[in-house]
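**Student:** Give me coordinates for this.
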Amino acid sequence: MRSRPFLMGFYGTINLNKKGGWFCLKKIALTGCALLLTLTACNQKVTYTYWTDKTDNQLERLEEADIDFEIRGDEIWVDEEEMDQVVACCS
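**Tutor:** Below you'll find the predicted structure:
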């Protein structure tokens, strides 16, 4: 019985009946997963939410709590993911 190639492409023909066929298939799968994870991690964007007007007291509290924030004009905008920490430390 003649073995049929499993996958053809960049790596050439992969024959799972031959020694090393599964290894090559695993290599392709791991490369794809690593690429997917890398691209997903690079695509995360920080979203900021308005917190309050700028005061020295609020700035000190945010810095002490190591919370990511931006100053836009006379307003403080905090990272949306850290909103629970902001409410706990700065209310």
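
**Student:** can you list the domain ranges for the protein.
**Tutor:** Annotated domains of the chain cover 1-44, 48-90 [automatic domain parsing].

**Student:** mean pLDDT for these: which is lowest?
**Tutor:** The minimum mean pLDDT among these belongs to domain 1-44 (a mean of 66).

**Student:** Now do Ile76: how many residues are near it, please.
**Tutor:** For Ile76, the count of nearby residues is 21 (other CB atoms under 10 Å). Every residue, glycine included, has its C-beta placed from N, CA and C.

**Student:** Could I get the phi/psi values of it?
**Tutor:** phi -110, psi 130 (degrees, to the nearest 10).

**Student:** okay but it is in contact with Tyr48, surely?
**Tutor:** No - the criterion here is CB atoms under 8 Å, and Ile76 misses it with Tyr48 at 9.5 Å.

**Student:** shared neighbours, the two?
**Tutor:** Shared contacts of Ile76 and Tyr48, defined by CB atoms under 8 Å, 6 or more residues apart in numbering, comprise Phe69, Glu70.

**Student:** all strands of this protein, in order?
**Tutor:** Assigned by DSSP state E, the chain shows strands spanning 48-53, 69-72, 75-79.
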